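Chemist: With the sequence up front, the predicted model follows.
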Amino acid sequence: MGLAQAWSVALYGVDGLTVEIEADVGVGQPRTHLLGLPDAALHESKERVKAAVRNTQEEWPKQRIVLGLSPAAVPKGGSSYDLAIACATLAAAGSVPPDRLSGTVLLGELALDGRVRRVRGVLPALLAARRAGLRAAVVPVDSLPEAALVDGIEVHGARTLAEVLAWLRGEVPALTPVPELADPPPPEVPDLTDVVGQPEARWALEVAAAGAHHLLLTGPPGTGKTMLAERLAGLLPPLTRQDALAVTAVHSVAGVLSNAAPLVASPPFVTLHHTTSIAALVGGGGGLAKPGAASRAHRGVLFLDEACEWGQKAIESLRTALEDGEIRIARRDGTARYPARFQLVLATNPCPCAPPKEIDCCCTPAARRRYQSRLSGPLLDRVDLRVRMRAMTAMSNADASPPEPTATVRARVLAARTRAATRWSSHGHPWQTNADVPGPALRREFALPRQVTTLLDRALSTGALTGRGADRCLRVAWTLADLAESDHPTPDHVAAALSFRDRP
């Protein structure tokens, strides 16, 4: 009979909260009480843990067991508490010494035969444990590559509960150590040389990559809209360490992280079918919401093909994320916050019938307007670049200059991004791209002369442009100036940025 403590982590979005698991084994009818607002999966852990302990040839206490998960008022869910519950219970019963449990976080689901199974969210959980001052962690062996990304905490891998108990007793000096991880090769990306023609769209793609702007491609089928969108991620620079960990944490919580490449070091590219639900797009689910595709595309590209075929509620649900770079979903068990600073690329046909040649269109003007109005004004107001693509006129480009490859365009994009980051940091700001700069800062601290913004003023006075649209035009103008290696936008840059606002 005794009392023992172990540590685990509760995840709310990508934020973690350390949970103290107290086990009290005392006099009373043999029964296990689990306290601390557990969900159904956690409530079932009592039977899973009991079977795992017995099948590990250990004796489950035949007394009254009270398990308290603190903070008690915070809802807790999932199966990642199994390993910590088993170790705390056996330590309270005197089967294992409690010394190594102090300062160690335990994560893992237990199979009935005692195997330690992989769980989601190991990376954000260990980051939270490190912030709380915990010194060591025991995780499933399958999660070791992911756990190795966290510095400042001693990580051990366990295959079975028996290994963990032997380690707690000092019978083995160590569990499975963290493997040496080699940097994964950069992912193969399609090249821009594959795209025939479309110089305006190629230029818009370069501007979008240089400033992290959102993009709308409108044109007949077969003109290369999807091909261009798929090549945008290859123009973006590698993720910084901080951004890579943020993206990896989201992928870990979503359960899509690969052991072969545990760190997402390149901008992700996420594409979806137009029948995708709102929950799959922005996140959802019962209890506490899970991340959706918008969060998985954080610091990368979210591509929505056939944008006018999407349900209006689904595509409109992205409006807040486009403005704030974050998705907040309130559910019964709390509010989950997921990062979602992605580049949105929309591709759509100009009308429902979408013939290869516009002259063959059989849609009435009213039908065309209804179709295009599925992309609402408030949504399009947040899209910086809108491009009309033309039908191809020839397959042969023998007489034309060869199209630029991705490597050449990417070099210009990196140079423009470096100019932008240097400019903002020299004024003491943390912004990395022009799309990150708030509108008030552009208008006050980086205000342009009146002769440069004459066209914007005229568009605002006639109602052709909203205040948000004017801010986005200024951001695009700064990007055009960076690509031209100019210190400040010129009237031509502002005019070009304004032309990108025309609805195709």
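Modeler: That came through, no problem. Numbering: from 1, shown residues only.

Chemist: Can you report how many residues lie near the residue nearest to residue 245 when sequence neighbours are not counted?
Modeler: In space, and not counting its chain neighbours, residue 245 is closest to residue 149: 6.7 Å by Cβ to Cβ, 6 or more residues apart in numbering. Bear in mind the C-beta positions are built from the backbone N, C-alpha and C, glycine included. Around residue 149 sit 21 other residues, with neighbours defined as other Cβ atoms under 10 Å.

Chemist: wouldn't residue 149 be in contact with residue 248 here?
Modeler: Yes - between residue 149 and residue 248 a contact is recorded at 6.7 Å, counting by Cβ atoms under 8 Å.

Chemist: what is in contact with these two at once?
Modeler: Common contacts of residue 149 and residue 248, defined by Cβ atoms under 8 Å, 6 or more residues apart in numbering, comprise 123, 262-263.

Chemist: could those residues be laid out in a markdown table, adding neighbour count and pLDDT?
Modeler: Below are those laid out as a markdown table (neighbours: other Cβ atoms under 10 Å; pLDDT from 0 to 100):
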| residue | neighbour count | pLDDT |
| --- | --- | --- |
| 123 | 27 | 94 |
| 262 | 22 | 85 |
| 263 | 21 | 88 |
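
Chemist: now, which of those residues sits nearest residue 289?
Modeler: Comparing these against residue 289 with Cβ to Cβ places residue 123 closest, at 18.7 Å.

Chemist: Specify the local secondary structure of the residue nearest to the closest one when sequence neighbours are not counted.
Modeler: In space, and not counting its chain neighbours, residue 123 is closest to residue 252: 4.6 Å by Cβ to Cβ, 6+ apart. Classification of residue 252 using DSSP: H, G, I helix; E, B strand; the rest coil returns helix.

Chemist: distance of residue 252 from residue 218?
Modeler: With distances taken as Cβ to Cβ, to the nearest Å, residue 252 is found 36 Å from residue 218.

Chemist: Can you pick out the residue with more neighbours from those two?
Modeler: Using other Cβ under 10 Å, the more surrounded residue of residue 252 and residue 218 is residue 252, with 26 against 22.

Chemist: Roughly how far does that one sit from residue 376?
Modeler: Applying Cβ to Cβ, the value for residue 252 to residue 376 is 34 Å.

Chemist: what do you get for residue 195?
Modeler: Noted for residue 195: a distance of 29 Å to residue 376, by Cβ to Cβ.

Chemist: Show me which of those two is the more surrounded one.
Modeler: residue 195 (18 against 12).

Chemist: shouldn't that one be in contact with residue 202?
Modeler: Yes - with contact defined as Cβ under 8 Å, residue 195 reaches residue 202; the gap is 6.7 Å.

Chemist: Need the overlap of contacts for the two.
Modeler: Common neighbours of residue 195 and residue 202 (criterion: Cβ under 8 Å, 6+ apart): 228, 403.

Chemist: Quick check: phi and psi at residue 156.
Modeler: In terms of degrees, to the nearest 10, the main-chain angles of residue 156 are phi -120, psi 140.

Chemist: What is the neighbour count of it?
Modeler: Neighbour count of residue 156, defined by other Cβ under 10 Å: 22.

Chemist: what's near enough to touch it?
Modeler: Residue 156 is in contact with 136-139, 167, 174-177, counting by Cβ under 8 Å, 6+ apart.

Chemist: Run through the helices of the stretch 51-200 of the chain in chain order.
Modeler: Taking DSSP state H, counting those that start in this stretch, the helices of the stretch 51-200 of the chain run over residues 82-92, 122-131, 144-147, 161-168, 199-211.

Chemist: In TSV: those, plus distance to residue 369.
Modeler: TSV is the format used below for the helices of the stretch 51-200 of the chain (distance: least, Cβ to Cβ, whole Å):
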stretch	distance to residue 369
helix 82-92	57
helix 122-131	46
helix 144-147	50
helix 161-168	65
helix 199-211	24
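
Chemist: Give me whichever of those helices is most buried.
Modeler: Burial of the helices of the stretch 51-200 of the chain is given as mean neighbour count (mean count of other Cβ atoms under 10 Å); helix 82-92 ranks first at a mean of 28.

Chemist: Now do it against helix 161-168: the angle between them, please.
Modeler: Orientation check (axes from the mean of the first three to the mean of the last three Cα atoms, to 10 degrees): helix 82-92 against helix 161-168 gives 50 degrees.

Chemist: The closest residue to residue 81 other than its chain neighbours pairs with what?
Modeler: Distance criterion Cβ to Cβ, 6+ apart; nearest residue to residue 81, sequence neighbours excluded, is residue 8 at 4.9 Å. Beta-bridge partners for residue 8, by DSSP bridges, are residue 19.

Chemist: Compute the distance between residue 8 and residue 186, please.
Modeler: Distance of residue 8 to residue 186, given as Cβ to Cβ: 36 Å.

Chemist: hang on, the earlier thing: where is pLDDT lowest across the contacts of residue 156?
Modeler: On pLDDT alone, residue 174 ranks lowest of the contacts of residue 156, at 81.

Chemist: shouldn't it be in contact with residue 166?
Modeler: No - counting by Cβ under 8 Å, residue 174 does not reach residue 166; the two are 10.6 Å apart.

Chemist: check contacts around residue 381.
Modeler: Neighbouring residues of residue 381 by Cβ under 8 Å, 6+ apart: 466, 468-469, 472.

Chemist: again, only this time at 7 Å
Modeler: 466, 468-469 (Cβ atoms under 7 Å, 6 or more residues apart in numbering).

Chemist: For residue 301, give the beta-bridge partners.
Modeler: Beta-bridge pairing for residue 301 (DSSP bridges): residue 269, residue 343.

Chemist: And residue 397, what's its pLDDT?
Modeler: pLDDT for residue 397: 51.

Chemist: ok, back up a step: can you flag the buried ones in the contacts of residue 156?
Modeler: Buried members of the contacts of residue 156, counted by 16 or more other Cβ atoms under 10 Å: 136-139, 167, 175-176.

Chemist: Relative to residue 346, which of these is nearest.
Modeler: Within those, the smallest distance to residue 346 is 40.0 Å, found for residue 139 (Cβ to Cβ).

Chemist: Alright, I will stop here.
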